[in-house]
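>>> have a look at this fold, sequence not included:
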C-alpha cells in the first residue's frame, strides 16, 4: 500500500525500523504499527487518505495478513478526511455477511502470531501445535456462550485449566497485574492465546 514514502517516526535497531513506529506517505496515507527488520510485522493500522478507509490487523513480512477494513474515524487525517483533490474518492465497501466476524479475524490473528513465534523461536512464548490450538479454540467458544468474541479476565484461569494448562491463580494474577488488566477486562481469542503462550512457558 501507499507510494512515495515520506517521514518515519518510531523505533530503530541496527539502522532498520524496529518496534513501534509511524510511517507517513507523500500521498497522505499513514501506517501506525509494529516493525521488524525494516518491514511491517505484527499489529498495525494503515490509513488510506484518498478513500477515507482504514485497515486494522496483523502484518507479516510487510504484507497485511488478516484484519478488518472499515471507514476511518473522523479526524484521522491532519487536514481532515478529504482526498487529495479535496473530496473523498467514490468508494463503497461491499456488503458482507460473515458469521462471527470478530471471532474469525481473532482466530486468524492468533494463528499468524503463533507462526511468527515459531519462526523467531521466541523465548518465553509457548508455541502451540494445531491440536492444542483447537483445544484452546473450543474452550474459548464454550466460555463465550453468547458468541461475542470476548471473555473477561476473571474467566482466564478456569479457561486455562479446562485446556489442561495447570497454571496457578497467583501466576495468572501476576501477569494480569503486569499488563494492567482487571478481572472485568475483556480479551478476544488472539489475546487469550497470547496470554496462554506466555503463562505456559513461565
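Looks like it came in fine. Since we're looking at a predicted model, the values are computed, not measured.
>>> could you use CA atoms for every contact and neighbour count after this?
Will do.
>>> contacts for the least confident helix or strand in the chain by mean pLDDT next, please.
Taking mean pLDDT, DSSP states H and E as the measure, the helices and strands of the chain show their lowest mean at helix 101-120, namely a mean of 71. Contacts of helix 101-120 with the rest of the structure, by Cα atoms under 8 Å, 6 or more residues apart in numbering, involve 42, 57-58, 60, 65-68, 125, 127-128, 137, 148-149, 188-191, 193-194.
>>> which parts of that helix are buried?
Taking 16 or more other Cα atoms under 10 Å as the basis for neighbour counts, the residues of helix 101-120 that come out buried are 102-103, 105-117.
>>> pick out whichever of those residues sits closest to residue 36.
For residue 36, the closest of the buried residues of helix 101-120 turns out to be residue 116, at 11.3 Å, with distances computed as Cα to Cα.
>>> how much space separates that closest one from residue 7?
Using Cα to Cα, to the nearest Å, we find residue 116 at a distance of 27 Å from residue 7.
>>> mind checking which of the contacts of helix 101-120 land in helices?
Where the contacts of helix 101-120 overlap with helices, as defined by DSSP state H, the overlap consists of 137, 189-191, 193-194.
>>> and these as CSV, adding distance to residue 15?
Shown next, in CSV, are the ones in helices among the contacts of helix 101-120 (distance: Cα to Cα, whole Å):
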residue, distance to residue 15
137, 39
189, 35
190, 31
191, 31
193, 32
194, 29
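>>> closest one to residue 174 out of those residues, please.
With Cα to Cα as the yardstick, the closest approach to residue 174 among those comes from residue 194, at 15.3 Å.
>>> show me the contacts for that closest one.
Contact partners of residue 194, counting by Cα under 8 Å, 6+ apart, are residue 110.
>>> quick one, helices of this structure?
Taking DSSP H as the criterion, the chain contains helices spanning 101-120, 130-143, 156-162, 169-178, 189-199.
>>> returning to that earlier point: what about burial for the contacts of helix 101-120, which qualify?
For the contacts of helix 101-120, buried by 16+ other Cα under 10 Å: 42, 57-58, 60, 66-67, 125, 127-128, 137, 149, 188-191, 193-194.
>>> surely residue 53 touches residue 29?
No: with contact taken as Cα atoms under 8 Å, residue 53 and residue 29 are classed as non-touching, separated by 9.9 Å.
>>> settle it for me: which of these two has more neighbours?
Relative neighbour count places residue 29 above the other of residue 53 and residue 29, with 24 against 21, counting by other Cα atoms under 10 Å.
>>> is it true that the more buried one touches residue 45?
No: counting by Cα under 8 Å, no contact exists between residue 29 and residue 45, whose distance comes to 10.7 Å.
>>> so where's this protein shaky on pLDDT?
Low-confidence regions of the chain, defined here as pLDDT under 70, cover residues 1-4, 79-105, 123-124.
>>> which phi and psi does residue 51 have?
Backbone torsions for residue 51, taken as degrees, to the nearest 10, come to phi -110, psi 0.
>>> what sits closest to residue 166 if chain neighbours are left out?
Leaving out its chain neighbours, the residue that sits closest to residue 166 by Cα to Cα, 6 or more residues apart in numbering is residue 160, at 7.2 Å.
>>> alright, calling it a day.
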